[in-house]
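Novice: model the following, please.
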Amino acid sequence: MRDYLNANERNQFMVLQSIVQMIDGLRNSGANGPKISSMLEDWTARGNMSKDEHRSLKTAETYLRKYLTSVYERLGSKEQDVIKKKITNYDFKLVDDFTLKQVQRDIADRFVNAAVPREQFNNWCEEIMHVKCNGCTADWKTCNLHQIFEDNFIPESGFDCKNCKFAYRSK
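Specialist: Numbers count the residues shown, from 1 in each chain. Now for the predicted structure:
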(Lines give C-alpha, C1' and ligand atoms only; values in the text may rest on other atoms or scores of the structure.)
Protein backbone atom coordinates (compact mmCIF):
# COMPACT_ATOMS: atom_id res chain seq x y z
CA MET A 1 0.00 0.00 0.00
CA ARG A 2 1.07 3.57 -0.65
CA ASP A 3 2.13 5.95 2.10
CA TYR A 4 0.34 8.90 0.47
CA LEU A 5 -3.11 9.79 -0.88
CA ASN A 6 -3.94 11.28 -4.24
CA ALA A 7 -6.08 14.43 -4.29
CA ASN A 8 -9.37 12.53 -4.63
CA GLU A 9 -8.49 10.08 -1.86
CA ARG A 10 -7.39 12.94 0.39
CA ASN A 11 -10.73 14.72 -0.13
CA GLN A 12 -12.61 11.54 0.69
CA PHE A 13 -10.49 11.04 3.80
CA MET A 14 -11.14 14.65 4.84
CA VAL A 15 -14.91 14.21 4.48
CA LEU A 16 -14.81 11.19 6.77
CA GLN A 17 -12.51 13.01 9.19
CA SER A 18 -14.96 15.94 9.21
CA ILE A 19 -17.76 13.53 10.08
CA VAL A 20 -15.77 12.31 13.08
CA GLN A 21 -15.20 15.92 14.11
CA MET A 22 -18.96 16.48 13.87
CA ILE A 23 -19.48 13.36 15.97
CA ASP A 24 -17.14 14.93 18.54
CA GLY A 25 -19.12 18.19 18.44
CA LEU A 26 -16.32 20.21 16.82
CA ARG A 27 -17.87 21.11 13.45
CA ASN A 28 -21.16 22.89 13.78
CA SER A 29 -20.85 26.29 12.11
CA GLY A 30 -17.88 27.27 14.24
CA ALA A 31 -19.60 26.52 17.56
CA ASN A 32 -19.27 23.39 19.60
CA GLY A 33 -22.34 21.37 18.86
CA PRO A 34 -23.99 18.24 20.12
CA LYS A 35 -21.85 15.14 20.28
CA ILE A 36 -23.04 11.78 19.04
CA SER A 37 -23.11 10.59 22.66
CA SER A 38 -25.67 13.26 23.56
CA MET A 39 -27.62 12.46 20.39
CA LEU A 40 -27.74 8.79 21.33
CA GLU A 41 -28.90 9.67 24.85
CA ASP A 42 -31.50 12.24 23.73
CA TRP A 43 -33.01 10.10 20.97
CA THR A 44 -33.12 7.05 23.20
CA ALA A 45 -34.69 9.03 26.08
CA ARG A 46 -37.41 10.31 23.73
CA GLY A 47 -38.08 6.79 22.50
CA ASN A 48 -36.96 7.71 18.98
CA MET A 49 -34.20 5.10 18.71
CA SER A 50 -34.36 1.36 19.14
CA LYS A 51 -31.57 -0.63 20.81
CA ASP A 52 -30.54 -1.99 17.40
CA GLU A 53 -30.35 1.54 15.91
CA HIS A 54 -28.37 2.72 18.94
CA ARG A 55 -25.93 -0.18 18.58
CA SER A 56 -25.63 0.32 14.79
CA LEU A 57 -24.83 4.02 15.11
CA LYS A 58 -22.31 3.40 17.88
CA THR A 59 -20.71 0.58 15.84
CA ALA A 60 -20.53 2.83 12.76
CA GLU A 61 -18.73 5.47 14.82
CA THR A 62 -16.29 2.93 16.24
CA TYR A 63 -15.41 1.42 12.86
CA LEU A 64 -15.12 4.83 11.18
CA ARG A 65 -12.61 5.90 13.85
CA LYS A 66 -10.68 2.61 13.45
CA TYR A 67 -10.55 3.04 9.69
CA LEU A 68 -9.35 6.66 9.84
CA THR A 69 -6.72 5.85 12.48
CA SER A 70 -5.43 2.90 10.46
CA VAL A 71 -5.14 4.87 7.21
CA TYR A 72 -3.58 7.88 8.96
CA GLU A 73 -0.96 5.77 10.75
CA ARG A 74 0.22 4.05 7.56
CA LEU A 75 0.72 7.39 5.77
CA GLY A 76 4.14 9.00 5.63
CA SER A 77 4.90 11.90 7.95
CA LYS A 78 4.72 14.45 5.10
CA GLU A 79 1.26 13.25 4.12
CA GLN A 80 0.16 13.30 7.75
CA ASP A 81 1.36 16.91 8.04
CA VAL A 82 -0.60 17.87 4.90
CA ILE A 83 -3.75 16.28 6.31
CA LYS A 84 -3.30 17.93 9.73
CA LYS A 85 -2.86 21.30 8.07
CA LYS A 86 -5.79 20.92 5.65
CA ILE A 87 -8.33 19.45 8.08
CA THR A 88 -8.41 22.67 10.10
CA ASN A 89 -9.55 24.57 6.99
CA TYR A 90 -11.70 21.83 5.51
CA ASP A 91 -15.42 21.61 5.94
CA PHE A 92 -18.43 20.52 4.02
CA LYS A 93 -21.98 21.70 4.34
CA LEU A 94 -25.36 20.21 3.69
CA VAL A 95 -27.13 22.62 1.33
CA ASP A 96 -30.28 22.54 -0.75
CA ASP A 97 -30.17 22.38 -4.57
CA PHE A 98 -30.99 26.08 -4.98
CA THR A 99 -28.05 27.18 -2.81
CA LEU A 100 -25.70 24.71 -4.48
CA LYS A 101 -26.65 25.94 -7.96
CA GLN A 102 -26.15 29.53 -6.83
CA VAL A 103 -22.66 28.74 -5.52
CA GLN A 104 -21.81 26.87 -8.72
CA ARG A 105 -23.02 29.85 -10.81
CA ASP A 106 -20.85 32.20 -8.75
CA ILE A 107 -17.81 29.96 -9.23
CA ALA A 108 -18.46 29.62 -12.98
CA ASP A 109 -18.83 33.40 -13.21
CA ARG A 110 -15.43 33.85 -11.54
CA PHE A 111 -13.87 31.70 -14.27
CA VAL A 112 -15.48 33.85 -16.96
CA ASN A 113 -15.09 37.26 -15.32
CA ALA A 114 -12.02 38.01 -13.26
CA ALA A 115 -12.66 40.21 -10.25
CA VAL A 116 -9.69 42.37 -9.30
CA PRO A 117 -9.52 45.56 -7.28
CA ARG A 118 -9.76 48.69 -9.45
CA GLU A 119 -6.31 49.97 -8.46
CA GLN A 120 -4.70 46.68 -9.45
CA PHE A 121 -6.63 46.60 -12.74
CA ASN A 122 -5.59 50.18 -13.54
CA ASN A 123 -1.96 49.32 -12.81
CA TRP A 124 -2.16 46.36 -15.21
CA CYS A 125 -3.72 48.55 -17.86
CA GLU A 126 -0.93 51.09 -17.39
CA GLU A 127 1.65 48.33 -17.88
CA ILE A 128 -0.15 47.09 -21.00
CA MET A 129 -0.41 50.62 -22.37
CA HIS A 130 3.33 51.09 -21.80
CA VAL A 131 4.00 48.08 -24.04
CA LYS A 132 1.18 48.35 -26.59
CA CYS A 133 0.15 52.02 -26.75
CA ASN A 134 3.52 53.77 -26.45
CA GLY A 135 4.39 54.85 -29.98
CA CYS A 136 1.37 53.07 -31.48
CA THR A 137 0.22 54.32 -34.87
CA ALA A 138 -2.52 51.74 -35.50
CA ASP A 139 -6.09 52.90 -36.02
CA TRP A 140 -8.24 52.51 -32.88
CA LYS A 141 -10.85 50.55 -34.86
CA THR A 142 -8.39 47.68 -35.36
CA CYS A 143 -7.11 47.61 -31.76
CA ASN A 144 -8.19 44.74 -29.49
CA LEU A 145 -7.45 46.78 -26.35
CA HIS A 146 -9.36 49.94 -27.25
CA GLN A 147 -12.82 48.57 -26.46
CA ILE A 148 -11.60 46.90 -23.26
CA PHE A 149 -10.11 50.18 -22.06
CA GLU A 150 -13.27 52.02 -23.09
CA ASP A 151 -15.63 49.54 -21.39
CA ASN A 152 -13.62 49.65 -18.16
CA PHE A 153 -13.28 53.45 -17.90
CA ILE A 154 -9.51 53.59 -18.37
CA PRO A 155 -8.43 57.25 -18.64
CA GLU A 156 -7.27 58.54 -22.01
CA SER A 157 -3.56 59.16 -22.50
CA GLY A 158 -4.07 62.91 -22.97
CA PHE A 159 -1.62 63.03 -25.89
CA ASP A 160 -4.37 63.72 -28.47
CA CYS A 161 -2.89 61.29 -30.99
CA LYS A 162 -5.00 61.21 -34.16
CA ASN A 163 -5.16 57.40 -34.36
CA CYS A 164 -6.38 56.58 -30.80
CA LYS A 165 -7.16 58.35 -27.54
CA PHE A 166 -5.07 55.80 -25.61
CA ALA A 167 -1.96 56.07 -27.84
CA TYR A 168 0.96 58.21 -26.72
CA ARG A 169 4.60 58.87 -27.39
CA SER A 170 6.92 58.76 -24.41
CA LYS A 171 9.49 61.54 -24.28
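
Novice: list the buried residues for stretch 157-171?
Specialist: Neighbour counts using 16 or more other C-beta atoms under 10 Å place 157, 161, 164-168 of stretch 157-171 among the buried residues. Placement of C-beta: from N, CA and C, glycine included.

Novice: for the chain, what are the low-confidence residue spans?
Specialist: 27-33, 92 (pLDDT under 70).

Novice: now do the phi/psi pair for the spatially most central residue of it.
Specialist: Taking C-alpha atoms, centre = their mean, the centroid of the chain lies closest to residue 107, which sits 8.9 Å from it. Dihedral angles of residue 107 (phi, psi; degrees, to the nearest 10) stand at phi -70, psi -50.

Novice: looking at the buried residues of stretch 157-171, spot the one nearest residue 49.
Specialist: Of all the buried residues of stretch 157-171, residue 166 has the smallest distance to residue 49: 71.2 Å, by C-beta to C-beta.

Novice: might one say that the closest one is in contact with residue 133?
Specialist: Yes: the pair residue 166 and residue 133 passes the contact test of C-beta atoms under 8 Å, sitting 5.0 Å apart.

Novice: common neighbours of those two, please.
Specialist: Residues touching both residue 166 and residue 133 (C-beta atoms under 8 Å, 6 or more residues apart in numbering) are 145, 157.

Novice: re earlier: check the gap between the residue nearest to the centre of the chain and residue 113 for me.
Specialist: 12 Å (C-beta to C-beta, to the nearest Å).

Novice: and what of residue 63?
Specialist: 46 Å.

Novice: check residue 165 too.
Specialist: In terms of C-beta to C-beta, residue 165 sits 25 Å off from residue 113.

Novice: what's residue 168 sitting at in phi/psi?
Specialist: Torsion angles, degrees, to the nearest 10, at residue 168: phi -160, psi 170.

Novice: helices of this structure, start to end?
Specialist: With DSSP state H as the criterion, the chain has helices at 7-23, 36-45, 51-74, 77-87, 97-112, 118-132, 144-151.

Novice: looking at these, which is nearest to residue 1?
Specialist: helix 51-74 (6.4 Å).

Novice: show me what contacts residue 71?
Specialist: By C-beta under 8 Å, 6+ apart, the contact list for residue 71 reads residue 13.
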